[in-house]
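Asks: below are the sequence and a predicted model for it; my questions follow.
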Amino acid sequence: MCSLGGLESLESLRGLVRLQGPVRRSPSSSGPWSTLERADFAARVAGLAAKRLAGWALQPERYPEPTRVGADAAPHLVAQLVIPRRASSFGPKLERGRWHNLGLAATALDGVGISAASPFSFWRTVGRLSAGRGFVEGAHFEGGCIVPAVGGGVCSLSDALFDLALRSGCTILERHGHTLAVDRGPKGPRRKRVDATVKWPYVDLRFAPARGLLRLSTRSRKDGLHLALHGDAPVEAWPVEVSEPQICVEAGQRYVHTTIRRGPTTIGRDRKKLIVMPTRNCDTCQEHSCGRHRGA
Amino acid sequence: MADTAGPEPEQPKQPKRPNVGVFVVAPEPADWLGPVLEVLQARGPVEVFAPWVLPGAVVRLGRRVGFVRRREGHDLPGARGRGWFTAAELLARAFARGKTARTLANRVHMRALADATAALLLGRREAGPPRLVLAPSLGARRSFARARALGSTCVLVEDMPDLDSLVDGLDRMARAHPRASFLRNHRPRARDHARQRAERWQSDVIAVRGRVAWQRLGDAKERVAIPQEPSRATHRSGLAIAFAGPPLARCGSTQLPALLEALPGRELRVQPGPAAEPSGLLEHPRVRVDRSLDGVGVVLSLSPLESHPSAVTAALERGIPVVGTLASTGLLEPASVRAVEPGDTAATVRAIEAALAGEGPSPRAWLPPRSLLEWLD
């Protein structure tokens, strides 16, 4: 959910979810949206959400309820990684919130069984990231600012899950890349890594193994959040490669292009808008008229 | 018309109200309620949200604690509660049609509903946000979310078995007894597992009632123990053997015939839970369904799964010896339990005979390193 919801999001969203129908104008090229455009955007998003939620109810074979399997059913380690716990530039409050959200979302993932008949769906498993379910404000990247948002920071989890799915040879049924990349000056864009963004409920991460059973496990430890995929049979880890970022300028805006490959197969091609490393956040920025500030 | 009102004057900020008192969520009668409320009552105002007993949603503790005390551990929940709650529960039982899985699902739904209602009430509390919110497992997620936003400390009472351990144990037993459909089918939903884990993540302190849970939770969160009644040790040896607990009645149906054969002349009293009548055993002439422990010489608690049968608590109060697995007798001090391995009939018979002969100690309550009382102080 990192880069959606901002004022430049409609263009990105169009590519992400294949919006039907004409877009009135490109908001990024002509300033802030009018009320009509905002309403149009909200209606489209609501339609997409309703369509996905209806799909959950009406197509249970496509979007099955997650099931839990025991550790005995999948004893072989297939892939693992750690989301490290480290100090960040978000500020202590947002970092605490991010870590709380990560841990809370990870509780829903532990022990989930994944098979061809029961594919993994991030939103079906984790559920809505609402304050009523215990999620708090975490760091959320929006329009060049780091702002507080309920459930902020959970993208780290979807990134990690996508990485695990790729390395374990899973078929990727649905994945959406982030729409923004951070330019860190002389260091260039962010390090090469795979990523997947999610937004409730229609921008999802779904994958399934071609055969056999996989079991997801999560453990929160002092050094970070440990994620692992175990299988019912030994599986060789697949090599995953992200191409060197190619930067190009389109209509005065810099974009970075990358390709994700697993073996000989191209999994996805990403095109991200390159922005400078944000230094503003709601703790330091005194600008309250932007609409993003929510009293952090 | 021109706007002449000008900018509205800034409203002075309301001073933040201090967090006072304790808010207890009690979605159903429980044996921990009485001792816990007694402990909390002495330390300040306590409000209890117990939809099964209260005329209003929330009332002061003083008028109700006696009622809670009388109800605990007796009969089935809701039997003497408010009419609407009894009707709802009877409806849920009719829907469950005697299936343990559905009974568990109904219980989880009921706790979730009480949790959501309690979360709403927390925000509208006249006395301001509570200092402490105490809620039971599978009925705490939304209350804790609200409580954390209000700055309250959250105490989770682990009064239900750990669903992950329960299912792992059922999986193992299902492999050993592939024809037992109950072992294959009795599974909570994945979201219930997630809910239980999420509540632990949200809580500041976890109160447990047995050493099994204490050991399993580790030291990631602060742990305290739920206060328990001390042992009165008034036992006189009897001729009957009580067999306790709903999962035990099911799982024990494979072990009980062998036990009956090895113990001629002994009567076996089965204490099933709701919706878990061991129909296959009732035809045996020496098996009787009876909740009373009068004249009972030994209480058996042989489940390989973590469980807390009320008969074990009753045995603790009356000093009746307990033979059982360590998982199902976690309320008791391990040294006071004649521990047997799950499924080991020969060892069980030896332990029963030793207990009936009066050898060994009476059951004693397990005393954890730190109780809720000490933590509150």
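Replies: That came through, no problem. In this text, all values refer to a predicted model and were calculated from it rather than measured experimentally.
Asks: give me the number of residues near residue 138?
Replies: I'll assume chain A. 26 (other C-beta atoms under 10 Å in any protein chain shown). For every residue, glycine as well, the C-beta is placed using N, CA and C.
Asks: meant chain B, my bad for not saying
Replies: 25.
Asks: what helix or strand is it on?
Replies: Using DSSP states H and E, residue B:138 is not contained in any helix or strand.
Asks: how much space between the nearest residue to it once chain neighbours are set aside and residue B:140?
Replies: Nearest residue to residue B:138, sequence neighbours excluded (C-beta to C-beta, 6 or more residues apart in numbering or on different chains): residue B:111, at 4.7 Å. According to C-beta to C-beta, to the nearest Å, residue B:111 stands 8 Å off from residue B:140.
Asks: okay, these two: which has more neighbours?
Replies: Ranked by neighbour count (other C-beta under 10 Å), residue B:111 and residue B:140 place residue B:140 first, with 33 against 23.
Asks: wait, that one touches residue B:116, no?
Replies: No. Between residue B:140 and residue B:116 there is no contact under C-beta atoms under 8 Å: 11.1 Å.
Asks: and residue A:49, what element?
Replies: Using DSSP H and E, residue A:49 falls in helix A:35-58.
Asks: in that helix, what counts as buried?
Replies: A:37, A:40-41, A:44-45, A:48, A:52, A:56 (16 or more other C-beta atoms under 10 Å in any protein chain shown).
Asks: just give me the neighbour total for residue B:349.
Replies: 17.
Asks: shouldn't it be within a strand?
Replies: No. When classified by DSSP: H, G, I helix; E, B strand; the rest coil, residue B:349 is found to be helix rather than part of a strand.
Asks: what's the spacing between it and residue B:304?
Replies: Residue B:349 is 18 Å from residue B:304, by C-beta to C-beta.
Asks: residue A:254 now?
Replies: 62 Å.
Asks: repeat that for residue B:42.
Replies: 39 Å.
Asks: show me which of residue A:254 and residue B:304 is the more surrounded one.
Replies: Taking neighbours as other C-beta under 10 Å, residue A:254 and residue B:304 compare with residue B:304 leading, 20 against 16.
Asks: let's verify that one: helix, strand, or coil?
Replies: coil.
Asks: show me the contacts for residue 163.
Replies: Here I'm looking at chain A. By C-beta atoms under 8 Å, 6 or more residues apart in numbering or on different chains, the residues touching residue A:163 are A:79, A:81, A:193-194, A:240.
Asks: meant chain B, my bad for not saying
Replies: Residue B:163 neighbours (C-beta under 8 Å, 6+ apart): B:188, B:192-193, B:196.
Asks: can you give me the strands in the stretch 151-300 of chain B?
Replies: B:153-158, B:205-208, B:222-225, B:240-244, B:267-271, B:287-289, B:296-301 (DSSP state E, counting those that start in this stretch).
Asks: so which strand or helix has the residue nearest to residue B:138?
Replies: Per DSSP H and E: helix B:100-123 holds residue B:111.
Asks: which elements pack onto the following helix or strand past that helix?
Replies: For helix B:100-123, the following helix or strand on the C-terminal side (DSSP H and E) is strand B:132-136. Applying 3 or more C-beta pairs under 8 Å, 6 or more residues apart in numbering or on different chains; DSSP states H and E, we find strand B:132-136 packed against strand B:22-25, helix B:100-123, helix B:141-150, strand B:153-158.
Asks: centre of the chain to the longest one, how far?
Replies: The reference is to helix B:100-123. 14 Å (C-alpha atoms, centre = their mean, to the nearest Å).
Asks: before we move on, what about the third one?
Replies: Mean C-alpha position of helix B:141-150 versus that of the full chain (C-alpha atoms, centre = their mean) differs by 22 Å.
Asks: list the contacts of it.
Replies: So helix B:141-150 is contacted by A:131-136, B:19, B:23, B:25, B:112, B:115-116, B:118-119, B:122-123, B:129-130, B:133, B:135, B:153-154, B:156, B:195, B:198-199, B:202-203 (C-beta under 8 Å, 6+ apart).
Asks: got the angle for it vs helix B:100-123?
Replies: 20 degrees (axes from the mean of the first three to the mean of the last three C-alpha atoms, to 10 degrees).
Asks: quick check: angle from helix B:141-150 to strand B:132-136?
Replies: 170 degrees.
Asks: redo the contacts of residue A:163 as TSV? Include neighbour count and pLDDT.
Replies: Formatted as TSV, the contacts of residue A:163 follow (neighbours: other C-beta atoms under 10 Å in any protein chain shown; pLDDT from 0 to 100):
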residue	neighbour count	pLDDT
A:79	22	94
A:81	17	93
A:193	13	80
A:194	23	90
A:240	18	92
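Asks: could you identify the most distant pair in these?
Replies: Pairwise distances across the contacts of residue A:163 (C-beta to C-beta) peak at 14.7 Å, for the pair A:79 and A:193.
Asks: of the contacts of residue B:163, closest to chain A?
Replies: Set against chain A, the nearest of the contacts of residue B:163 by C-beta to the nearest C-beta is residue B:193 (5.3 Å).
Asks: what sits against the closest one?
Replies: With C-beta under 8 Å, 6+ apart, residue B:193 has these contacts: A:68, A:110-111, B:163-164, B:167.
Asks: next, count neighbours for residue A:248.
Replies: Residue A:248 has 11 nearby residues by other C-beta under 10 Å.
Asks: now it, nearest residue through space, not along the chain?
Replies: residue A:255 (5.7 Å).
Asks: how about the helices in the chain?
Replies: As the question left the chain open, I've gone with chain A. A:9-17, A:35-58, A:92-107, A:122-126, A:155-167 (DSSP state H).
Asks: I was after chain B.
Replies: B:33-41, B:61-71, B:83-96, B:100-123, B:141-150, B:163-176, B:181-185, B:190-202, B:211-217, B:246-252, B:256-262, B:310-318, B:345-356, B:372-376.
Asks: got the angle between the fifth one and strand B:153-158?
Replies: Orientation check (the same axes, to 10 degrees): helix B:141-150 against strand B:153-158 gives 160 degrees.
Asks: CA atoms only for helix B:141-150, dumped as PDB, please.
Replies: C-alpha atoms of helix B:141-150 as PDB (Å, rounded to 0.1, in the frame of the first residue of the first chain):
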ATOM      1  CA  ARG B 141      -8.600  -8.600  19.900                       C
ATOM      2  CA  ARG B 142     -10.900  -5.600  19.400                       C
ATOM      3  CA  SER B 143     -11.000  -4.700  23.100                       C
ATOM      4  CA  PHE B 144      -7.200  -4.600  23.200                       C
ATOM      5  CA  ALA B 145      -7.000  -2.500  20.000                       C
ATOM      6  CA  ARG B 146      -9.300   0.000  21.600                       C
ATOM      7  CA  ALA B 147      -7.600  -0.200  25.000                       C
ATOM      8  CA  ARG B 148      -4.100   0.400  23.400                       C
ATOM      9  CA  ALA B 149      -5.500   3.500  21.700                       C
ATOM     10  CA  LEU B 150      -6.700   4.700  25.100                       C
END
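Asks: residue closest to the middle of the chain?
Replies: In the absence of a named chain, chain A is used. residue A:197 (2.1 Å; C-alpha atoms, centre = their mean).
Asks: actually, chain B is the one I wanted.
Replies: residue B:159 (3.4 Å).
Asks: residues in contact with that one?
Replies: Contacts of residue B:159 (C-beta under 8 Å, 6+ apart): B:30, B:32, B:136-137, B:209, B:226.
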